[in-house]
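> 3D, please:
(one chain, ligands or ions: 2)
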Amino acid sequence: MSETRQFTWQSAVRAIEDVLYPPACPLCGRPDPPGRDLCPDCQAALARSRSVPFCTRCGTTVGPFAGTTDGCPSCRTRPAPAAGFVRVGEFSGALAELIRAFKFQGRDDLERHLGELLGDALRSAPWLSGIDVLTWVPSCWQHRLTRRTHATTALAPHAARRAERPLRRLLRRVRGGRHQVGLPRLERLENIKGCFRIARGVRPAGAVIGLLDDVATTGATVFECVRVLKRAGARRVYVAILAHAGGLPELPRDV
Ligand SMILES: [Zn+2]
Ligand SMILES: [Zn+2]
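Ligands and ions are numbered 1, 2, ... in the order given. Below is the predicted model of the structure:
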């Protein structure tokens, strides 16, 4: 009885919502996509961004026939800070549009969609079942003062729910560092050094950790976080990101 009433109530709310906010594709705005998801054209465009082959060691886009079991040409000669790497896709096309809309145009309605895409990327990883805990690359206090939403912090709970792994804050950002965009590779590495520490009251020693981030351009930030976790005794750290924006990977040489 109560279930029937709840179902009826939810249906009524949904019907009212449909009148007030007619279902539309969150990317192109075309009306009436199935299940309030992306329309078929945008789904196809997103699938193209997701299907670009990448290196499972550093996340960089690779050619369609490149073997990556021991890394790609960009990372093969360097030590691998992360034990494995997955991504939703390349920072291009529909995926880049979704991320830009969420991060820079205040489209908070995309939070769950992007978080679940990140969760799906985790589910595709062969190492997911060995993960003890998921965590994320945190924002600095300057960011929290100036912007409403920190993308990775917002996406992480949705990704963790989708991947059915526990989520815990393991890192804190103690220093903002200059904005990385436009900095040359070596300056990026210097700029990000010392920006992260282990969160208070947390002991990651012995843990197998999955680290989440939104976009990596060179990997300097996410690999600095991997290094901090490993210095604190993490057994292995795997990385999952939304998108890789290309460029040469910056793999710290002392991990
Ligand atoms: Zn669309
Ligand atoms: Zn690589």
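
> which stretches of the stretch 151-255 of the chain have low pLDDT?
For the stretch 151-255 of the chain, applying pLDDT under 70 flags the ranges 176-189, 247-255.

> Where do the strands of it begin and end?
Ranges of strands in the stretch 151-255 of the chain, per DSSP state E, counting those that start in this stretch, are 171-173, 196-198, 208-216, 236-244.

> As a markdown table, those with distance to C42 and mean neighbour count would be great.
Where C-beta positions appear, they are placed from N, C-alpha and C, glycine not excepted. What follows is the strands of the stretch 151-255 of the chain, written out as a markdown table (distance: least, C-beta to C-beta, whole Å; neighbours: other C-beta atoms under 10 Å):
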| stretch | distance to C42 | mean neighbour count |
| --- | --- | --- |
| strand 171-173 | 34 | 20 |
| strand 196-198 | 35 | 18 |
| strand 208-216 | 19 | 24 |
| strand 236-244 | 16 | 26 |
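
> Which one, of these, ends up nearest to P79?
Nearest to P79, of all the strands of the stretch 151-255 of the chain, is strand 236-244, at 13.2 Å by C-beta to C-beta.

> in its sheet, what does the closest one sit against?
strand 84-90 (parallel), strand 208-216 (parallel) (DSSP bridges).

> how many neighbours does L95 have?
26 (other C-beta atoms under 10 Å).

> which SS state does it fall under?
Assigned by DSSP: H, G, I helix; E, B strand; the rest coil, the conformation of L95 is helix.

> ok, it - contacts?
Contacts for L95 (C-beta atoms under 8 Å, 6 or more residues apart in numbering) come out as 46, 49-50, 88-89, 242-243.

> which one of those residues is nearest R175?
Closest to R175, out of all of those and judged by C-beta to C-beta, is L242, at 24.0 Å.

> contacting residues around C58?
71-72, 74-75, 80, 82, 85, 219, 249, 251 are the contacts of C58 under C-beta under 8 Å, 6+ apart.

> and these, which are buried?
71-72, 74-75, 80, 82, 85, 219, 249, 251 (16 or more other C-beta atoms under 10 Å).

> Number of residues surrounding R203?
10.

> Show me what counts as buried in stretch 151-162.
151-160, 162.

> Who's the closest spatial neighbour of C75, skipping the chain neighbours?
C58 (4.0 Å; C-beta to C-beta, 6 or more residues apart in numbering).

> Now, of the contacts of L95, which are buried?
46, 49-50, 88-89, 242-243.

> so can I have TSV of those showing distance to G63?
As requested, these are exported to TSV (distance: C-beta to C-beta, whole Å):
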residue	distance to G63
L46	22
S49	17
R50	17
V88	20
G89	16
L242	22
A243	18
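
> Residues contacting stretch 25-33, please?
22-24, 37-42, 45-46, 94, 97-98, 101, 107, 109-110, 113.

> again, only using 10 Å
Contacts of stretch 25-33 with the rest of the structure, by C-beta atoms under 10 Å, 6 or more residues apart in numbering, involve 18, 22-24, 36-43, 45-46, 94-95, 97-98, 101-102, 107, 109-110, 113.

> Residue numbers of the stretch 1-150 of the chain in contact with ligand 2?
55, 57-58, 60, 71-72, 75 (C-beta under 5 Å from the ion).

> Turn those residues into CSV, including pLDDT.
Converted to CSV, those look like this (pLDDT from 0 to 100):
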residue, pLDDT
C55, 92
R57, 92
C58, 91
T60, 90
G71, 86
C72, 88
C75, 86
